[in-house]
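Chemist: Next one to model:
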Amino acid sequence: MAFKHYHSIFAEIQKSNFLRIQSLVLFIITYIDWTLIPFITKLEGTYLPVYMISFYMLIAALDGFIHPLFKNIKIYNIYMFAIILDLIQIISYLTFSQSIVVFTYIILTIFTVQGITFEIARIHTVDFMQEEAVHLKDYLMIRSLMISAAIVAGSLTAMLFDYFSSNLAYLLIYLSVLGFVGIVYQYKLYLKFKTRLCNAKVKIKKEKLKLFEKFRI
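Modeler: Alright, predicted model coming up:
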């Protein structure tokens with residue numbers, strides 16, 4: 001049966017600590033966004049003019065043009081930027097009680113930039129998955145599974161919250177706590193990426209030095 005393939009997917013996650021952390025980060029961040037998206041969509045349609053909604057859609061559609069600009073960027077810098085975005089998002093929740101319009105603009109801007117950032121990270125992560133002995137097909141399936149699970153969980157959370165409460169401030173507090181948990185795991189990924197890249201550079205330098213010594217002799 002096709003369901004047996006789930007076993008191989010979860011086996012890949014279990015044998016790679018790196019992949020487990022990345023899957024957890026992807027789930028948490030996507031869950032937070034999709035819990036908030038229905039409410040932001042409602043605010044967007046209520047307070048923003050059509051041309052601004054179209055503007056954000058236009059920016060999001062430019063990600064394919066933006067990716068080549070970051071072809072040589074270090075992946076740990078991408079995760080550090082993602083951490084900064086998450087911190088800004090959590091801080092922006094404070095503006096909800098001051099101005100709903102400003103809050104909506106800030107969250108939409110973060111969502112747009114965040115979407116582009118995660119796609120850039122996905123492209124650069126492929127090489128690391130190969131080093132972890134994870135097949136590209138399995139990695140993409142795991143990524144799709146985590147995203148789908150997070151979207152379903154986030155949508156259900158939004159439905160339940162909308163049914164039981166009309167005060168968005170409570171939801172923002174909950175998402176802030178969850179956001180800090182996501183930041184902790186993102187920082188772990190940042191350190192793992194940075195350590196691995198730095199070790200690779202040291203190894204390359206040593207190999208070059210050995211090769212130079214051979215030619216000199």
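
Chemist: Can you name the next helix or strand after the worst-scoring helix or strand of the chain on mean pLDDT?
Modeler: Sorting the helices and strands of the chain by mean pLDDT, DSSP states H and E puts helix 5-15 at the bottom, at a mean of 70. Per DSSP states H and E, the first helix or strand lying C-terminal to helix 5-15 is helix 17-47.

Chemist: model confidence over that following helix, on average?
Modeler: Averaged across helix 17-47, pLDDT comes to 90.

Chemist: Tell me which helix or strand residue 73 sits in.
Modeler: Going by DSSP H and E, residue 73 is not in any helix or strand.

Chemist: Go ahead and confirm it touches residue 124.
Modeler: Yes: at 7.3 Å, residue 73 counts as touching residue 124 under the criterion of CB atoms under 8 Å. Where you see a C-beta, it was placed from the backbone N, CA and C, and this is true even at glycine.

Chemist: What are the contacting residues of the least confident helix or strand of the chain?
Modeler: With contact meaning CB atoms under 8 Å, 6 or more residues apart in numbering, helix 5-15 is reached by 19-20, 23, 134-135, 138-139, 141-142, 145.

Chemist: quick one on the thing from earlier: more neighbours: which of residue 73 and residue 124?
Modeler: Higher neighbour count among residue 73 and residue 124: residue 124, with 20 against 13, using other CB atoms under 10 Å.

Chemist: Which residue, other than its chain neighbours, is closest to that one?
Modeler: Take residue 124 and drop its neighbours on the chain: the residue closest to it by CB to CB, 6 or more residues apart in numbering is residue 75, 4.3 Å away.

Chemist: All set, thanks.
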